[in-house]
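Enquirer: coords please:
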Amino acid sequence: MLLSSLATSGYVDDAYKLFKDMVVKGWRVDVKSCNCLMSALAKIGNLEAALQVYGGMQDAGVKATAVTYTVLIDALCMSERRGDARKVFEEMKEKGCEPDVVTYTSLIDGLCKSGALPEAEQLFGDMTSRGISGNVVTYSSLIRGLGKAGRMDEVKQVYNAMQASGCRPDVITYNIMLDVLFKGNEIDEGWELFKEMKGKTTPDLVTYNTMLTGLSRAGRIRDAYRISEEMRNHGHVPDFITYSVFTKILSRAGDFLNEGLKLFKLMMGKNDIGHGSSKLEDYVKVRLLIGEEDSVRGAAAMHR
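Expert: Numbering: from 1, shown residues only. You can find the predicted model right below:
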């Protein structure tokens with residue numbers, strides 16, 4: 001239908017105007033097109049318009065589906081209106097539309113991000129009691145929320161339960177777990193998890209940046225140096241975060257400074273730090289490019 005075609009092609013405002021005209025003129029609108037339009041509006045941050053589409057659906061007698069409610073719940077959570085999201089969830093059940101794992105996960109993720117962990121855990125329990133198994137996003141959301149709250153034992157319980165259920169962690173799950181472990185000062189466990197990860201999936205740039213950050217904070221400079229070498233050998237292009245962390249590593253490198261400087265040169269290559277970099281990082285980059293290693297040593301001293 002034209003409505004969904006416009007929405008998915010990026011003409012969201014035109015699709016919204018068409019929807020309003022169709023409702024005013026009493027033309028038939030189908031639920032799939034409405035869901036598509038609501039999702040497109042939510043993605044561009046126009047929550048109010050998405051809510052109006054939902055209201056227009058009801059006025060036109062279009063019955064909402066699980067997808068409709070899930071899109072609406074997700075949009076409300078993204079706008080930090082989690083109380084309203086919970087109301088929509090309850091309305092969904094009252095109208096006899098059963099939530100699926102995606103619906104539950106959208107709300108669980110929103111609750112975890114807002115720090116409402118007891119509600120998120122209760123909702124997860126409700127979901128599993130209905131025979132609905134969590135997916136990788138469900139478990140990752142819970143792990144992130146529990147980790148942020150410093151509940152390390154429960155983080156590990158959820159991670160173990162995830163694997164026991166047959167749900168395989170993906171790279172995002174591993175990255176969250178690594179971040180949680182390092183922030184919880186469980187450095188050795190983080191290192192072991194990284195080794196496990198490499199046997200099951202491919203680490204990405206976020207993985208390496210997380211490892212570099214965690215090891216640097218823990219003073220594990222030799223290990224951080226090894227990780228940066230591995231990162232380069234696997235062809236990952238450093239970003240602003242990588243450079244930022246690596247300047248801190250250099251400031252603590254001690255006997256490894258000469259090796260670190262050589263690696264930093266190789267990591268940079270023709271990359272441009274550019275937008276968002278600090279004055280110190282720009283200073284380090286420029287000095288390295290012109291070979292003034294003594295100046296970099298001075299920058300490292302400044303950063304101590």
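
Enquirer: quick one, helices of the stretch 101-250 of the chain?
Expert: For the stretch 101-250 of the chain, applying DSSP state H, counting those that start in this stretch gives helices covering 101-113, 117-129, 136-148, 152-164, 171-183, 187-200, 205-217, 221-233, 240-251.

Enquirer: tell me the mean pLDDT for the second one?
Expert: Averaged over helix 117-129, pLDDT sits at 96.

Enquirer: Now do that helix: which elements does it pack against?
Expert: The elements that helix 117-129 packs onto, with contact taken as 3 or more Cβ pairs under 8 Å, 6 or more residues apart in numbering; DSSP states H and E, are helix 101-113, helix 136-148. In this view, the C-beta of every residue, glycine as well, is placed from N, C-alpha and C.

Enquirer: what would those look like in a markdown table with mean pLDDT, distance to residue 175 and mean neighbour count?
Expert: Listed next are the helices and strands packed on helix 117-129 as a markdown table, based on pLDDT from 0 to 100; distance: least, Cβ to Cβ, whole Å; neighbours: other Cβ atoms under 10 Å:
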| stretch | mean pLDDT | distance to residue 175 | mean neighbour count |
| --- | --- | --- | --- |
| helix 101-113 | 95 | 16 | 23 |
| helix 136-148 | 97 | 9 | 23 |
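
Enquirer: low-confidence ranges in the stretch 201-304 of the chain?
Expert: By pLDDT under 70, the weakly predicted segments of the stretch 201-304 of the chain are 248-304.

Enquirer: For residue 215, list the residues it contacts.
Expert: 182, 187, 221, 223, 224, 227 (Cβ atoms under 8 Å, 6 or more residues apart in numbering).

Enquirer: Quick check: phi and psi at residue 80.
Expert: phi 60, psi 30 (degrees, to the nearest 10).

Enquirer: Pull up the per-residue confidence for the closest residue to it other than its chain neighbours.
Expert: Distances taken as Cβ to Cβ, 6 or more residues apart in numbering place residue 114 nearest to residue 80, at 6.9 Å, with adjacent residues excluded. We have a pLDDT of 89 for residue 114.

Enquirer: who wins for neighbours among the contacts of residue 215?
Expert: Among these, the one with the most neighbours (other Cβ atoms under 10 Å) is residue 224, at 26 neighbours.

Enquirer: in terms of contact, does that one touch residue 216 like I think?
Expert: Yes: if you go by Cβ atoms under 8 Å, residue 224 and residue 216 touch, sitting 5.2 Å apart.

Enquirer: Output the helices of the stretch 101-250 of the chain as JSON lines; include the columns distance to residue 59.
Expert: Shown next, in JSON lines, are the helices of the stretch 101-250 of the chain (distance: least, Cβ to Cβ, whole Å):
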{"stretch": "helix 101-113", "distance to residue 59": "23"}
{"stretch": "helix 117-129", "distance to residue 59": "30"}
{"stretch": "helix 136-148", "distance to residue 59": "33"}
{"stretch": "helix 152-164", "distance to residue 59": "42"}
{"stretch": "helix 171-183", "distance to residue 59": "39"}
{"stretch": "helix 187-200", "distance to residue 59": "50"}
{"stretch": "helix 205-217", "distance to residue 59": "44"}
{"stretch": "helix 221-233", "distance to residue 59": "55"}
{"stretch": "helix 240-251", "distance to residue 59": "48"}
